[in-house]
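Colleague: when you get a sec, could you give me coordinates for this:
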Amino acid sequence: AMGAMGPVLQPGDKEDALGRILDARHPSGALLGADSSQRPSPVESLLRYTSLVKQIHPEKCMDGRAQQAFNRASRGYDALCAMDSGFDLTWDSKSGTASAGRTHWWESKSLADIQTFLEFRSAALNALYTEIAPNLGAPGMASLDHLNTLIEHAQRTCEHLDRKEGIPRSRFWHVKSRPKRSAQESAMHFVDLLCHLRGMHCFCLLQGKQFVHVADLHAASPLAKLSTLIQQSLQHAKSNEELQQKLAAGNQEDDEEDDDVDPLDKFMASLEEEVQHEAMEPEKRRKCDATDAQNMTEGNGKSGSKGHSEEELLHGTGKEAEHSAVSAHKGLGKTVHLTAEAADAEKRAAASALLAEEGKACAQRDLQNHLLGDLASDDESEKSDAE
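Modeller: Next up is the predicted model:
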């Protein structure tokens, strides 16, 4: 009867996939076999891991070792991904238990969720590693520096969201010194970052948005548009760099002249210039009004003397004198009003100068506090890296 049912697999048997995974001494061994140290390509690793998940996931396999083997195979695949990204991680050949809390994308996931996640990773791998990485730097294409700019942004996003969730430091966080990577390694690291944000935080980096439901995430960045979204992000990084270069070239002469000038002093000088300009405006208006009044008087005198008798001229002259007296009286009132306006402008200028001095002092204090905060943050990061 036993022979009709077929042999019963035991730990250590050649056909025992769970046993081979648990006995693996290398990350690749968890996917290819216990004694295998050959490192597969990123595409081969993903295909092998996807095939294993369908066999050993606890929802599919009733063996008591399934959960441990699944965790171990997932850790092995993650280690291979890290190596493909240019990291040299130590792999614990005896680790097969899940970590405390949700710190990896494969933990607390159903088989359907993992399969959906792996479909996204396959599409991202094909777009970045197979299509984009070989063409970086080609005419009209983004360069490796543009991809590294996106990587740095993704790392900062990962660190921010991980800290909020209490997830410990990992290779996905930003570091001060940018390591030198090849185009393929940078492409693989960006794939890892996209998958981490998507799997752990339901966040689409290409759309710059976090979603509450996975269905909304899939609708916002469907697999069919993934390659286009990545290309658009790279072109956006390229456009930003070109714009910054143009601005830097346009301001190069000013920067050379003002190398020794404090930017804050330069800003305060511009404020003082505006205040002085505002104080001079009433005086300019007073002079213009006086000139207009004089021109009007001269014009009236000339027009009144043409083609009239002596009596009309005398009568007209009397009217002009009366008009001039009224105008002079009005002009005096205008002068008094403008003088008061000038005094108010001087008061406003003094008040603006006082506020400007206070603003400068506050800005200097904020700058000092910001620098001290950065130093403290750098010390904390160095301590964490050392640990």
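Colleague: tell me which element Cys61 is part of?
Modeller: For Cys61, there is no helix or strand it lies in under DSSP states H and E.
Colleague: that one against Leu52, yeah?
Modeller: No - counting by CB atoms under 8 Å, Cys61 sits too far from Leu52 to count as a contact (10.3 Å). All C-beta spots, glycine's among them, are computed from the backbone N, C-alpha and C.
Colleague: higher neighbour count, these two?
Modeller: Leu52 (22 against 17; other CB atoms under 10 Å).
Colleague: just the buried positions in the helix or strand Glu152 falls within, please.
Modeller: Per DSSP H and E, Glu152 falls inside helix 144-165. Buried residues in helix 144-165, defined by neighbour count with 16 or more other CB atoms under 10 Å: 146-151, 153-155, 157-159, 161-162.
Colleague: for stretch 127-147, same thing?
Modeller: In stretch 127-147, counting by 16+ other CB under 10 Å, buried: 127-129, 132-133, 136, 142-143, 146-147.
Colleague: how about that stretch as PDB, C-alpha atoms only?
Modeller: Output of stretch 127-147 as PDB, limited to C-alpha atoms (Å, rounded to 0.1, in the frame of the first residue of the first chain):
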ATOM      1  CA  ALA A 127      12.300  48.400 -17.000                       C
ATOM      2  CA  LEU A 128      15.300  49.400 -15.000                       C
ATOM      3  CA  TYR A 129      17.800  46.600 -15.200                       C
ATOM      4  CA  THR A 130      17.100  45.400 -18.700                       C
ATOM      5  CA  GLU A 131      15.900  48.500 -20.600                       C
ATOM      6  CA  ILE A 132      17.100  51.600 -18.900                       C
ATOM      7  CA  ALA A 133      20.500  50.700 -17.300                       C
ATOM      8  CA  PRO A 134      22.300  49.800 -20.500                       C
ATOM      9  CA  ASN A 135      21.200  53.100 -22.200                       C
ATOM     10  CA  LEU A 136      22.100  55.500 -19.300                       C
ATOM     11  CA  GLY A 137      24.200  58.400 -20.700                       C
ATOM     12  CA  ALA A 138      23.200  57.900 -24.300                       C
ATOM     13  CA  PRO A 139      22.300  61.000 -26.300                       C
ATOM     14  CA  GLY A 140      18.900  62.300 -25.200                       C
ATOM     15  CA  MET A 141      18.800  59.900 -22.300                       C
ATOM     16  CA  ALA A 142      19.200  60.400 -18.600                       C
ATOM     17  CA  SER A 143      22.600  59.700 -17.000                       C
ATOM     18  CA  LEU A 144      23.700  57.600 -14.100                       C
ATOM     19  CA  ASP A 145      23.800  60.800 -12.000                       C
ATOM     20  CA  HIS A 146      20.100  61.400 -12.600                       C
ATOM     21  CA  LEU A 147      19.300  57.900 -11.500                       C
END
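Colleague: and for Asp78, the neighbour number?
Modeller: 19.
Colleague: to clarify, my last question referred to Ser227.
Modeller: Neighbours around Ser227, by other CB under 10 Å: 16.
Colleague: that one contacts Tyr129, doesn't it?
Modeller: No - counting by CB under 8 Å, Ser227 stays clear of Tyr129, with 11.7 Å between them.
Colleague: tell me how far Gln232 lies from Ser122.
Modeller: To Ser122, Gln232 is 20 Å away according to CB to CB, to the nearest Å.
Colleague: fine by me, thanks again.
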